[in-house]
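A.B. asks: Need a 3D model of the following:
(one chain, ligands or ions: 1)
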Amino acid sequence: MANEFDVVVIGAGPGGYIAAIRAAQLGMKVACVDAWSNAKGGPAPGGTCTNVGCIPSKALLQSSEHFEHANHHFAEHGISTGPVKMDVAQMVARKDSVVKQNNDGILYLFKKNKVAFFHGAASFNRAVDGGYEISVNGAQAETLLAKQVVIATGSSARALPGVEFDEETVLSNDGALRLGAVPKKLAVIGSGVIGLEMGSVWRRLGADVTILEGLPTFLGAADQAVAKEAKKAFDKQGLKIELGAKVGEIKKTKKGKVTQVTLSYTNAKGDALELVADKLIVAIGRVPNTAGLKADAVGLQLDERGAIVVNDECKTNLPGVWAVGDVVRGPMLAHKAEEEGVAVAERIAGQHGHVDFDLIPWVIYTSPEIAWVGKTEEQLKAEGRAYKAGSFPFLANGRARALGDTTGLVKMIADAKTDEVLGVHIVGPMASELIAEACVAMAFKAASEDIARICHAHPSLSESTKEAALAVDKRTLNF
Ligand code: NAI
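C.D. replies: Numbering: from 1, shown residues only. Predicted structure coming up:
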């Protein structure tokens, strides 16, 4: 039968499309189903990451960084420009074209790897002998027969109770990437990854940004030395972050054509305050997308958050049904989803897929960038594990001085006895790229001395990682 497959992958985000390609590479007959449409109604594979997440946000961060440089940093290089103007529509159009290149890239990869792509929403029909019947609801209705199913349906922005996303005034990550003009006053709820990245984009373009964060600690999951350094940099840039804020009523008010939003909140001291903004971004986490799957039709087990219950190998309670990425437990990160997708495809093929959940890097693409892998000092203290730590500031790195970007540091933590690297925490220029060395070193169970003895190119930012390794042994050469 034409529509009979060894593997049907539901969702073409980073978890799903990578799982489909890997399964095809391993010789299986594979289909991937995805419902995302572009503005013209055509397929837009790539999921949240490609369409309204990682990729478009990085495009806007780059544009806004250029604007900030032209306005504030060109002069120190001897470059004068005259007044610098921002064409937001052009910036957003460029972002859209970057997204399209990625959508098209995935469709090309499906062709290259002979993955059959179906544009539509997939749901379970019923279990059949040796597999599952999957309905695809798209321009054409299709029924697929799958021996194995991989669910990679991702997540959606979590709304505040009673405050729906209208994507005009109250924005999720989606609307925050599509604003037609720079808002004068922007309020953000949640100083997590999305709040900080989106707050940074619009602050650089001239918005007056206030972020209200419920927790008293800034970036509680990050090493606090790094979080403090980042907070200092954000304060200096004028990004206002109110920690320990309790948000109360949120009201939209319309005056003529202008809609504004008024937020009542109490700050950490208990003062009752009000914030009036032109736009509000709500970035308080995400919820797994399982509503449309018809999980009941086959008895697929979900937890109380609606996430699919899986074991360490991404197996669900149903034979031959797997789930990866944001729709299951663990951090909602594209690269974690990709690793799970590859591992599941390999397990289906009878191989030993492997994901090291302890070595998944985190990156926040603000300026300065924040990146880390492994344990924080706070975690090690709580575990009662003996460690030694060292750090090196970019201020003492020649390349960072030449770049004109000396904010931040690299901090390395190693086991007190064995010297094995347990965590690397970076805030500063290109942290997103620098963290890769730490991931490789830790995957090979390197000691800090190993890194300290490796020749690093000069002048490069990566010398700061080597110096941080030397700092673990209290013998930095350049600081
Ligand atoms: P998040 O979990 O990173 O941060 C949410 C923040 O909102 C937390 O600090 C939380 O304390 C706060 N919060 C929750 N409820 C609140 C309330 N009622 N009032 C005030 N503060 C409140 O979630 P975010 O930023 O929405 O991102 C969602 C997911 O997307 C994350 O899991 C993240 O990993 C992923 N993502 C990753 C990116 C990257 O890797 N660079 C970029 C963007 C998103």
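A.B. asks: got a list of what Ile413 touches?
C.D. replies: For Ile413, the contacting residues are 223, 374-377, 380, 387-389, 421-425, 472, by C-beta atoms under 8 Å, 6 or more residues apart in numbering. Using the backbone N, CA and C atoms, a C-beta is placed for each residue, glycine as well.
A.B. asks: And those, which two are furthest apart?
C.D. replies: The largest separation in these, counting by C-beta to C-beta, is between Thr376 and Val472 at 15.4 Å.
A.B. asks: related to what we said a few turns ago, any of the contacts of Ile413 buried? List them.
C.D. replies: 223, 374-377, 380, 387-389, 421-425, 472 (16 or more other C-beta atoms under 10 Å).
A.B. asks: Mind checking which of those residues are in strands?
C.D. replies: Gly374, Tyr387, Lys388, Ala389, Val421, Leu422, Gly423, Val424, His425 (DSSP state E).
A.B. asks: before we move on, the earlier item: which of the buried ones among the contacts of Ile413 are close to the ligand?
C.D. replies: When the buried ones among the contacts of Ile413 are checked against the ligand using C-beta under 6 Å from any ligand atom, none falls in range.
A.B. asks: Of all residues in the stretch 301-450 of the chain, which one is closest to the ligand?
C.D. replies: Proximity of the stretch 301-450 of the chain to the ligand (C-beta to the nearest ligand atom) peaks at Met332, 3.6 Å away.
A.B. asks: Verify the contact between that residue and Ser156 for me.
C.D. replies: No. When contacts are counted by C-beta atoms under 8 Å, Met332 is not listed as touching Ser156 (10.8 Å).
A.B. asks: tell me, what's touching the two both at once?
C.D. replies: Contacts common to Met332 and Ser156, judged by C-beta under 8 Å, 6+ apart, are Arg286.
A.B. asks: Strands of the stretch 201-350 of the chain, residue ranges please.
C.D. replies: Using DSSP state E, counting those that start in this stretch, the strands of the stretch 201-350 of the chain run over residues 208-212, 240-242, 246-255, 258-266, 272-277, 279-282, 286-288, 321-323.
A.B. asks: quick one, which of those strands is nearest to Ala230?
C.D. replies: Nearest of the strands of the stretch 201-350 of the chain (C-beta to C-beta): strand 240-242, 10.1 Å.
A.B. asks: Give me the helices and strands touching the closest one, please.
C.D. replies: The elements that strand 240-242 packs onto, with contact taken as 3 or more C-beta pairs under 8 Å, 6 or more residues apart in numbering; DSSP states H and E, are strand 208-212, helix 224-237.
A.B. asks: Pick the most buried one from those.
C.D. replies: Most buried of the helices and strands packed on strand 240-242, by mean neighbour count (mean count of other C-beta atoms under 10 Å): strand 208-212, with a mean of 23.
A.B. asks: which residues touch it?
C.D. replies: With C-beta under 8 Å, 6+ apart as the test, strand 208-212 has contacts from 184-191, 195-196, 199, 202-203, 238-242, 245, 247, 263, 265, 275, 277.
A.B. asks: Now list the buried members of the residues you listed.
C.D. replies: Buried among these (16+ other C-beta under 10 Å): 185-191, 195-196, 199, 202-203, 239-242, 245, 247, 263, 265, 275, 277.
A.B. asks: Could you pull up the residues touching the residue in the chain that the ligand sits nearest to?
C.D. replies: Closest approach between the chain and the ligand, counting by C-beta to the nearest ligand atom: Gly192, at 1.8 Å. Shown in contact with Gly192 (C-beta under 8 Å, 6+ apart): Ala283, Ile284, Gly285.
A.B. asks: Dump the residues you listed to CSV, plus neighbour count, pLDDT and distance to the ligand.
C.D. replies: Listed next are those as CSV, based on neighbours: other C-beta atoms under 10 Å; pLDDT from 0 to 100; distance: C-beta to the nearest ligand atom, whole Å:
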residue, neighbour count, pLDDT, distance to the ligand
Ala283, 24, 98, 4
Ile284, 17, 98, 4
Gly285, 13, 97, 4
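A.B. asks: Of these, which belong to helices?
C.D. replies: If you go by DSSP state H, the contacts of Gly192 have nothing in helices.
A.B. asks: Same list, those residues, but as a markdown table with distance to Ala447 please.
C.D. replies: Formatted as a markdown table, the contacts of Gly192 follow (distance: C-beta to C-beta, whole Å):
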| residue | distance to Ala447 |
| --- | --- |
| Ala283 | 38 |
| Ile284 | 40 |
| Gly285 | 37 |
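A.B. asks: ok, which residues in this structure are in contact with the ligand?
C.D. replies: 53, 189-195, 197, 212-215, 247, 283-286, 331-333, 363-365.
A.B. asks: one more time with 5 Å, if that's ok
C.D. replies: Applying C-beta under 5 Å from any ligand atom, we find that the chain lies next to the ligand at 189-190, 192-194, 214-215, 247, 283-286, 332.
A.B. asks: Taking these together, which two end up most distant?
C.D. replies: Farthest apart among these - using C-beta to C-beta - are Val247 and Met332, which lie 22.1 Å from each other.
A.B. asks: biggest strand in this protein, by residue count?
C.D. replies: The chain, longest strand under DSSP E: strand 116-128.
A.B. asks: Tell me which residues are up against that strand.
C.D. replies: Taking C-beta under 8 Å, 6+ apart as the rule, strand 116-128 contacts 5, 8, 10, 12, 30-35, 37, 42-43, 45, 107, 110, 132-145, 149, 292-295, 297-298, 300, 318.
A.B. asks: Pull the number of nearby residues for Ala127.
C.D. replies: 16 (other C-beta atoms under 10 Å).
A.B. asks: So in terms of bridging, what pairs with it?
C.D. replies: Per DSSP bridges, the residues bridged to Ala127 are Tyr132.
A.B. asks: Hmm, Val321 and Ile348 touching each other?
C.D. replies: No. Taking contacts as C-beta under 8 Å, Ile348 lies outside contact range of Val321: 11.0 Å.
A.B. asks: Give me the domain ranges for this protein.
C.D. replies: 3-157+287-358, 170-284, 368-472 (automatic domain parsing).
A.B. asks: Which of the ones you listed sits closest to Val163?
C.D. replies: Comparing those against Val163 with C-beta to C-beta, the closest turns out to be domain 170-284 (5.0 Å).
A.B. asks: Figure out how far that closest one is from the centre of its chain.
C.D. replies: 18 Å (C-alpha atoms, centre = their mean, to the nearest Å).
A.B. asks: Next: stretch 158-172.
C.D. replies: 20 Å.
A.B. asks: Could you pull out the buried residues of that stretch?
C.D. replies: Neighbour-count burial for stretch 158-172, with 16+ other C-beta under 10 Å as criterion, is recorded at Arg158, Val163, Phe165, Thr169, Val170, Leu171, Ser172.
A.B. asks: Tell me how far the residue positioned nearest the centre of the chain lies from Ala307.
C.D. replies: Taking C-alpha atoms, centre = their mean as the criterion, Leu333 is the residue nearest the geometric centre of the chain, at 5.0 Å. Leu333 is 15 Å from Ala307, where distance means C-beta to C-beta, to the nearest Å.
A.B. asks: Mean pLDDT for the strands of the stretch 201-350 of the chain - can I get that in TSV?
C.D. replies: Below are those laid out as TSV (pLDDT from 0 to 100):
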stretch	mean pLDDT
strand 208-212	98
strand 240-242	97
strand 246-255	95
strand 258-266	96
strand 272-277	98
strand 279-282	98
strand 286-288	97
strand 321-323	98
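A.B. asks: related to what we said a few turns ago, out of the contacts of strand 116-128, name the ones that lie in strands.
C.D. replies: 5, 8, 10, 30-34, 132-138, 141-145, 149.
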